[in-house]
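**Q** below are the sequence and a predicted model for it; my questions follow.
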Amino acid sequence: MIMFESCGYRLCTDITEKKLQIINDINSISLCSYDPFGPITRAIMTELRVNQIGVVDYLNNDLCIREVHIPCLHILGASEKYITTFVFQNGKEAGYQLVLHIRTNLFIPNKNCCPINIRVYRSFIRNPGSALFNDTQENDIRKDMYRDAAQQLIHQLFLRFDDF
């Protein structure tokens, strides 16, 4: 296995075997969220199920109940931000960059709390002649961002769980 670590990035050539070993260590996880039925929580639950990790249902509790033997992923917040990248000649905004920022804490039993922050960026252009298309395009981009953020979060979860 070749491993290179610098500036928070890792290059692992044997990631599949390592991922399977970590999945065997993480059979289930407790998921706590500030918005239990929001899009980011649903995207994270979907990715956990895709990776064959069972979700213990503590979504409706205000406080995350930490069991002795189950790791807990607490979603602290998610925020979206629009940044204007360019404007039309008449001064109307034409291009945007949408930034999604997700803040979570991972509690591993008998270990410390580990914060995980994810940022996802997408750019899109608004066509002033088709408002309905713009809204549909923006919703599709947002769904794609939530899915990508959830995938990055699960990948970070595997890396952080391996560090402990």
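**A** In hand now; what should we look at?
**Q** make it CA atoms for all contacts and neighbour counts henceforth
**A** Fine.
**Q** pLDDT wise, what is the most far-flung residue of the chain relative to its centre at?
**A** With distances taken from the mean C-alpha point of the chain and given as Cα atoms, centre = their mean, the most distant residue is Asn90, at 37.5 Å. Confidence at Asn90, expressed as pLDDT, is 80.
**Q** swap in the one 3 residues further on?
**A** According to the model's per-residue confidence, Glu93 sits at a pLDDT of 72.
**Q** looking at it, it is touching Phe124, isn't it?
**A** No - checked against Cα atoms under 8 Å, the pair Glu93 and Phe124 is beyond contact range at 11.4 Å.
**Q** hmm, Cys114 is touching Arg103, no?
**A** No - Cys114 lies out of contact with Arg103 (Cα under 8 Å); the separation is 11.0 Å.
**Q** the residue nearest to Gly77 when sequence neighbours are not counted: neighbour count?
**A** Excluding the flanking residues, the one nearest Gly77 by Cα to Cα, 6 or more residues apart in numbering is Arg103, at 5.3 Å. A total of 16 residues lie near Arg103 under the criterion other Cα atoms under 10 Å.
**Q** next one: the one 3 residues further on
**A** By the criterion of other Cα under 10 Å, Leu106 has 22 neighbours.
**Q** any idea how far Ile26 is from Val120?
**A** From Val120 across to Ile26, the span is 25 Å (Cα to Cα, to the nearest Å).
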